[in-house]
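Participant: Need a 3D model of the following:
(one chain, ligands or ions: 1)
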Amino acid sequence: MSDDLLTAEVVEPLLRGRLGKPYRFEQRTASTQDLLDPEMHEGAVAVAEEQTAGRGRMGRRWEAPPGTAIHCSVLLKPPPTRRPPELSLVAGVAVADAVERTIGLAVQIKWPNDVMLRRWKVAGCLAEQRGPAVVLGIGINVNQRRDQLPPVTGAPPGSLYLATGREWPRAPLLAMLLADLERCYSEWLASGLEAIYPYLGSRDFLRGRRVSVDGTSGTAEMIDRDGRLRIAVDGNQSVAVESGEVSYER
Ligand code: BTN
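Facilitator: Residues are numbered from 1 along each chain as shown. So this is what the prediction gives:
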């Protein structure tokens, strides 16, 4: 898609809410996570066509060829009493909503921060604290072909293209994502995870699977209302895990 650009000229006219103001676009940068100053207004957004040091959770790299994916970071300023890690789940619901409406296929959320389509990871969310602010990074694999995806490190990577067999324009998807994120974030600010829980619980990818998280193994029961993963360990004991790297049986 040669005219599929994410420049300010293309994206700004599509924005309806307060996320994306200001909107900063870079052709090439180390990571969009480093482009937002906590002094900026809440809702500032940075987008790059290419990241040379894009990062994911657990020190992993996040890579995509220019022109194929969405790399976006959003500056948020939740009250200090709130738990920033919950924002990865809030972002996961927003990504799932925007992708489902765009491509018409059901999307799942793999605790704590992955968005899954047909058992492939197609998006990831990363909430990083910056003083009192949070930089919420979202990467969506949109039009990558199989040989353009990164090597498998956890969940196998996929893209919207691989799942549907066609390319998707990125600018309308990004605008929809920012509108959905604003709605989910506002609901979370007002009522916490409870507000988005119905959209989270119903999309729980791990539920019923055998999982292992940092030494705790068992069957994933659910994401609980505090955003933790509940695991039924052998002997029927239920354990809640706050964070960590999940391995699962496919
Ligand atoms: C993960 O799944 O581990 C999180 C991936 C987050 C990737 C996005 S892409 C935009 C932003 N910039 C980064 O360097 N990382 C996030």
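Participant: Where do the helices of the chain begin and end?
Facilitator: Counting by DSSP state H, one finds helices in the chain at the ranges 8-11, 86-103, 160-164, 170-191, 193-201.
Participant: how about residue 135, what does it touch?
Facilitator: When contacts are counted by Cβ atoms under 8 Å, 6 or more residues apart in numbering, residue 135 is found next to 33, 36, 73-76, 127-128. (Each C-beta comes from the backbone N, C-alpha and C, glycine too.)
Participant: separation between the nearest residue to residue 107 once chain neighbours are set aside and residue 64?
Facilitator: Leaving out its chain neighbours, the residue that sits closest to residue 107 by Cβ to Cβ, 6 or more residues apart in numbering is residue 96, at 4.3 Å. Distance of residue 96 to residue 64, given as Cβ to Cβ, to the nearest Å: 19 Å.
Participant: repeat for residue 127
Facilitator: Distance from residue 127 to residue 64, by Cβ to Cβ: 20 Å.
Participant: Quick check: residues of this structure near the ligand?
Facilitator: For the chain, the residues in contact with the ligand (Cβ under 6 Å from any ligand atom) are 31-33, 51, 54-57, 60, 62, 71-73, 113-114, 124-126, 137-139.
Participant: how does it look with 5 Å?
Facilitator: Residues of the chain that fall close to the ligand, judged by Cβ under 5 Å from any ligand atom: 31-33, 54-57, 62, 71, 124, 126, 137, 139.
Participant: What residues are bridge-paired with the residue in the chain that the ligand sits nearest to?
Facilitator: Per Cβ to the nearest ligand atom, residue 124 is where the chain lies closest to the ligand, at 2.0 Å. Beta-bridge partners recorded for residue 124 (DSSP bridges): residue 114, residue 139.
Participant: Residue 210 too?
Facilitator: Where residue 210 sits in a bridge, its partners, by DSSP bridges, are residue 219.
Participant: Can you pull up the most central residue in this structure?
Facilitator: Closest to where the C-alpha atoms of the chain average out (Cα atoms, centre = their mean) is residue 125, at 3.0 Å.
Participant: Give me the domain ranges for this structure.
Facilitator: What automatic domain parsing lists as the domains of the chain is 8-201, 210-248.
Participant: Lowest average confidence across those, which one?
Facilitator: The minimum mean pLDDT among the domains of the chain belongs to domain 210-248 (a mean of 91).
Participant: Quick check: buried residues in that domain?
Facilitator: By neighbour count on 16 or more other Cβ atoms under 10 Å, the buried set for domain 210-248 is 211, 213, 218-223, 227-231, 241, 243, 246.
Participant: That one: end-to-end distance?
Facilitator: Chord length of domain 210-248, first to last residue, is 6 Å (Cα to Cα, to the nearest Å).
Participant: Might you report the residue contacts of residue 15?
Facilitator: Contact analysis of residue 15 by Cβ under 8 Å, 6+ apart lists 21, 23, 175, 178-179.
Participant: Kindly report the same for residue 112.
Facilitator: Contacts for residue 112 (Cβ under 8 Å, 6+ apart) come out as 85, 88-89, 227, 229, 243, 246.
Participant: now residue 26
Facilitator: 32, 35, 46-49.
Participant: same thing with residue 33?
Facilitator: 55, 73, 126, 128, 135, 137.
Participant: neighbours around residue 28, how many?
Facilitator: For residue 28, the neighbour count with other Cβ atoms under 10 Å is 10.
Participant: Surely it is in contact with residue 47?
Facilitator: No - here residue 28 does not reach residue 47: they are 11.9 Å apart, not a contact under Cβ atoms under 8 Å.
Participant: Please enumerate the strands of the protein.
Facilitator: 23-29, 45-51, 69-76, 108-110, 114-117, 120-130, 133-141, 210-213, 216-223, 229-233, 237-241, 246-248 (DSSP state E).
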